[in-house]
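Q: Fold the following and give me the result.
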Amino acid sequence: MAIYKCYVCGKQISHKNLEKRFVCPHCGSRIFYKPRTRIKRVKTD
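A: Residues are numbered from 1 along each chain as shown. Sure thing, here's the model as predicted:
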């Protein structure tokens, strides 16, 4: 299940809401991105 974020309003939108029309239901924008997960880096000695 993919989660997208609207570039304009910043709200999360599931892929099911975007199946028929690729438009943000909150603000009407058509620009989205998939937020990346943060990776914790461990420094080795």
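Q: Enumerate every residue touching residue 18.
A: Neighbour list for residue 18: 4, 32 [criterion: C-beta atoms under 8 Å, 6 or more residues apart in numbering]. In this view, the C-beta of every residue, glycine as well, is placed from N, C-alpha and C.
Q: phi, psi of it?
A: Backbone geometry at residue 18, expressed as degrees, to the nearest 10, gives phi -100, psi 10.
Q: One more: residue 12?
A: phi -80, psi 140.
Q: Report how many residues lie close to it.
A: Neighbours of residue 12 under the rule other C-beta atoms under 10 Å: 10.
Q: My guess is residue 31 contacts residue 4. True?
A: No - using C-beta atoms under 8 Å, residue 31 is not in contact with residue 4; the gap is 10.1 Å.
Q: Show me where the protein has its strands.
A: For the chain, the strands defined by DSSP state E occupy 3-6, 12-14, 32-33.
Q: Nearest residue to residue 17 in space, please, no chain neighbours.
A: residue 25 (6.0 Å; C-beta to C-beta, 6 or more residues apart in numbering).
Q: what about the one you found, neighbour count?
A: Count around residue 25 with other C-beta under 10 Å applied: 11.
Q: Touching, it and residue 14? I think so.
A: No - using C-beta under 8 Å, residue 25 is not in contact with residue 14, being 10.5 Å away.
Q: Next one: the closest residue to residue 34 other than its chain neighbours relative to residue 38, how far apart?
A: Distance criterion C-beta to C-beta, 6+ apart; nearest residue to residue 34, sequence neighbours excluded, is residue 4 at 5.8 Å. Residue 4 sits 18 Å away from residue 38, going by C-beta to C-beta, to the nearest Å.
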